[in-house]
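Undergrad: Show me how the following folds:
(chains A and B)
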Amino acid sequence: GAGVSQSPSNKVTEKGKDVELRCDPISGHTALYWYRQSLGQGLEFLIYFQGNSAPDKSGLPSDRFSAERTGGSVSTLTIQRTQQEDSAVYLCASSLQGTYSNYGYTFGSGTRLTVV
Amino acid sequence: GDSVTQMEGPVTLSEEAFLTINCTYTATGYPSLFWYVQYPGEGLQLLLKATKADDKGSNKGFEATYRKETTSFHLEKGSVQVSDSAVYFCALKGSGNTGKLIFGQGTTLQVKP
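TA: So this is what the prediction gives:
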């Protein structure tokens, strides 16, 4: 597609429920990143995909968080047993290459998750 | 580990004022440096970048120079407009093999007419 598409744009869920957030990167972009932006905070790295593999998942905050990517394209971030501290904007970004340093990312508009 | 520190906001300026947003970094090796901007209600957009020491990135009247000796990448604009009101993020991409960006906390700029 023309840009990075994320869905849903907003999600309100009850504490303890599971949620799935979807990211559809720009066609041909091999690198895909998930970040979290909490209120008043900067962007916190969660996980990086190169193709379908995740060589860096060091930012996932707990084992309640997981992510997968299929077909070198769409990625899903799953949060199990959501907690109120999971409330944030979850941003997805893609780029042509992860390894080489000259490429900037294209970000999606994010999914605003509210846990009540 | 790698880190980025930005000046705290919010920064409030009058239209046509000079803007500086300070950014310093800590990193091993030779990182690439970026400024991203987030306009109200929109996603982050790449504003400018510099990939080696003494490079100057520029876009839309904004400039930033990669200063390795002071580990800084300050954002400047000579004359801000109301439409520049946004949150600005400084970021670095380290020399590791993931390409992940490390972001600063963001600085909110409000420009008044």
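Undergrad: going forward, measure contacts between C-alpha atoms and count neighbours the same way
TA: Fine.
Undergrad: hmm, the helix or strand of chain B with the lowest mean pLDDT touching chain A?
TA: Lowest on mean pLDDT, DSSP states H and E among the helices and strands of chain B sits strand B:101-103, with a mean of 90. Yes: judged by C-alpha under 8 Å from any C-alpha of the partner chain, strand B:101-103 comes into contact with chain A through B:L101, B:I102, B:F103.
Undergrad: Report the contact partners of the second one.
TA: Translated: B:I102. For B:I102, the contacting residues are A:L43, A:E44, A:F45, B:D2, B:S3, B:V4, B:A91, B:L92, B:K93, by C-alpha atoms under 8 Å, 6 or more residues apart in numbering or on different chains.
Undergrad: Dump those residues to JSON lines, plus distance to B:L46, pLDDT and secondary structure.
TA: Shown next, in JSON lines, are the contacts of B:I102 (distance: C-alpha to C-alpha, whole Å; pLDDT from 0 to 100; DSSP: H, G, I helix; E, B strand; the rest coil):
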{"residue": "A:L43", "distance to B:L46": "14", "pLDDT": "89", "secondary structure": "strand"}
{"residue": "A:E44", "distance to B:L46": "17", "pLDDT": "91", "secondary structure": "strand"}
{"residue": "A:F45", "distance to B:L46": "17", "pLDDT": "92", "secondary structure": "strand"}
{"residue": "B:D2", "distance to B:L46": "20", "pLDDT": "87", "secondary structure": "coil"}
{"residue": "B:S3", "distance to B:L46": "19", "pLDDT": "91", "secondary structure": "strand"}
{"residue": "B:V4", "distance to B:L46": "17", "pLDDT": "94", "secondary structure": "strand"}
{"residue": "B:A91", "distance to B:L46": "10", "pLDDT": "94", "secondary structure": "strand"}
{"residue": "B:L92", "distance to B:L46": "12", "pLDDT": "91", "secondary structure": "strand"}
{"residue": "B:K93", "distance to B:L46": "13", "pLDDT": "88", "secondary structure": "strand"}
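Undergrad: Show the buried residues in these.
TA: A:L43, A:E44, A:F45, B:V4, B:A91, B:L92, B:K93 (16 or more other C-alpha atoms under 10 Å in any protein chain shown).
Undergrad: Figure out the length between the terminal residues of stretch A:75-94.
TA: In stretch A:75-94, first residue to last residue: 11 Å (C-alpha to C-alpha, to the nearest Å).
Undergrad: got the buried residues for it?
TA: For stretch A:75-94, the neighbour count (16+ other C-alpha under 10 Å) marks A:75-80, A:82-83, A:86-94 as buried.
Undergrad: Just the ones in strands from those residues, please.
TA: Counting by DSSP state E, the part of these found in strands is A:S75, A:T76, A:L77, A:T78, A:I79, A:A88, A:V89, A:Y90, A:L91, A:C92, A:A93, A:S94.
Undergrad: and these, which two are the farthest apart?
TA: A:I79 and A:S94 (20.6 Å; C-alpha to C-alpha).
Undergrad: confidence score at the residue in chain B that chain A sits nearest to?
TA: Nearest residue of chain B to chain A (C-alpha to the nearest C-alpha) works out as B:Q105 at 3.9 Å. With respect to pLDDT, B:Q105 scores 92.
Undergrad: Could you find the closest non-adjacent residue to it?
TA: Sequence neighbours aside, A:G42 is the residue nearest to B:Q105 in space, at 3.9 Å (criterion: C-alpha to C-alpha, 6 or more residues apart in numbering or on different chains).
Undergrad: what's the burial count for the residue of chain A found nearest chain B?
TA: In chain A, the residue that lies nearest chain B is A:G42 (3.9 Å; C-alpha to the nearest C-alpha). A:G42 has 18 neighbouring residues, counting by other C-alpha atoms under 10 Å in any protein chain shown.
Undergrad: Great, nothing more from me.
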